[in-house]
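Peer 1: Sequence first, predicted coordinates after that:
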Amino acid sequence: MNFIKFLDKVADGDLLDAKSSRRESFGHMKNIGKNAAMASIPFAFAATSNKTKAATMATSYASAMASPTEILNFALTLEYLEKEFYQIGMDTDGLITGNARDVFGLILKHEDEHVKFLLAALGDNAIEKPNFDFTAGGSFDTFSNYQTFLLLSQGFEDTGVRAYKGQAGALIDNNALLEYALQIHSIEARHASKVRRMRMEKGWITGAGDQSSPIAAVYAGEDNKIQGGVDLSLALSKYSSASLTEAFDEPLTMQEVNAIASLFIQ
């Protein structure tokens, strides 16, 4: 089973953009766990095969790159975080109401399936779920203030997009692993865009954002205007700096992502 087709069944675009029946939206989830496990089989083979390991380690920068298992566990940590965040949000009485419950209910389903997928791929190599504190030691009123919940949701989703992008280089010689990682990456991007619009923001990132924001670290480096060695502010001077940064999304390193996530891991 092609995992992108599996995710396509889950990612109901109509629900993310308009009111929809929860029964219709979630009716097809009945056998989703079984399908996820089936879809993950080639991923597991790719992550553990000697051929893949040899190809990956043959690159000139391999010594600085994480191993496939490390990358999968890195992704699993992020998916654990997102799944628990949305689960607590959905379970908190009065926090998420109206049409937003349909949206976040579907996002929760996606994150749950990402976790199942990565657990099946890693097998015995999977790390255990960390203990999370989504208040970051009392810094956020996350589950008593809906606007704070939305803010952190945006931060987590935007971080996830940049995190998957940041590992592409390490997977460049592993076609199967790269393909499946990008399939999850695109779903995270859809989540991020939807949540940003729910906060009355653009669906994409402009520059490095508000650096006074409590989630400013998520957007570090997004004001970059040099792509492929070309200074776009000179080559495309007719466009504003804001539009130039909006046209490109920047990756985050594993270390940068871990620094962000560590604020919420006990």
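Peer 2: Done, it's in. Residues are numbered from 1 along each chain as shown.
Peer 1: Lowest-scoring secondary structure element of the chain by mean pLDDT?
Peer 2: Across the helices and strands of the chain, the lowest-confidence element by mean pLDDT, DSSP states H and E is helix 50-57, at a mean of 37.
Peer 1: so after that helix, what's the next helix or strand?
Peer 2: helix 68-91 (DSSP states H and E).
Peer 1: Can you mark which positions in the following helix or strand past that following helix are buried?
Peer 2: Going down the chain from helix 68-91, the next helix or strand is helix 99-122, by DSSP H and E. Buried residues in helix 99-122, counted by 16 or more other C-beta atoms under 10 Å: 100, 102-122. The C-beta positions use only the backbone N, C-alpha and C, and glycine is treated the same way.
Peer 1: ok, now stretch 204-213?
Peer 2: For stretch 204-213, by 16+ other C-beta under 10 Å, it's 204-209.
Peer 1: what's the answer for stretch 72-90, then?
Peer 2: Burial within stretch 72-90, assessed by neighbour count using 16+ other C-beta under 10 Å, is assigned to 72-86, 89.
Peer 1: and the residue lying farthest from the centre of the chain, what does it touch?
Peer 2: Most distant from the centre of the chain: residue 238, at 32.9 Å, with distances by C-alpha atoms, centre = their mean. If a contact means C-beta atoms under 8 Å, 6 or more residues apart in numbering, then residue 238 has no contacts.
Peer 1: okay, it: pLDDT?
Peer 2: Looking at residue 238, its pLDDT stands at 93.
Peer 1: Residue 230 versus that one, what's the distance?
Peer 2: Separation of residue 238 from residue 230 (C-beta to C-beta, to the nearest Å): 15 Å.
Peer 1: which SS class is residue 212?
Peer 2: Look at residue 212: counting by DSSP: H, G, I helix; E, B strand; the rest coil, its state is coil.
Peer 1: what about the residue nearest to residue 227 when sequence neighbours are not counted, neighbour count?
Peer 2: Leaving out its chain neighbours, the residue that sits closest to residue 227 by C-beta to C-beta, 6 or more residues apart in numbering is residue 248, at 5.7 Å. By the criterion of other C-beta atoms under 10 Å, residue 248 has 15 neighbours.
Peer 1: hang on, residue 248 in a strand?
Peer 2: No. Checked against three-state DSSP, residue 248 lies outside a strand; its state is coil.
Peer 1: ok so, going back, farthest pair within the buried residues of stretch 204-213?
Peer 2: Spanning the widest gap among these are 204 and 208, at 13.5 Å by C-beta to C-beta.
Peer 1: quick revisit: let's verify the residue farthest from the centre of the chain: helix, strand, or coil?
Peer 2: Put simply, residue 238 is coil when judged by three-state DSSP.
Peer 1: quick one: it and residue 202, what's the gap?
Peer 2: On the measure of C-beta to C-beta, residue 238 and residue 202 end up 20 Å apart.
Peer 1: Ok, residue 181 next?
Peer 2: To residue 202, residue 181 is 26 Å away according to C-beta to C-beta.
Peer 1: Return the per-residue confidence for residue 174.
Peer 2: For residue 174, the pLDDT comes out at 81.
Peer 1: all helices of the stretch 151-266 of the chain, in order?
Peer 2: 175-198, 232-235, 241-246, 254-261 (DSSP state H, counting those that start in this stretch).
Peer 1: before we move on, back to that, the residue nearest to residue 227 and residue 223 touch, don't they?
Peer 2: No. Counting by C-beta atoms under 8 Å, residue 248 sits too far from residue 223 to count as a contact (10.6 Å).
Peer 1: can you pull the contacts of residue 204?
Peer 2: For residue 204, the contact set (C-beta under 8 Å, 6+ apart) comprises 193, 196, 246, 249.
Peer 1: actually residue 254, sorry about that
Peer 2: Taking C-beta under 8 Å, 6+ apart, one finds 66, 71, 74, 163, 166-167 in contact with residue 254.
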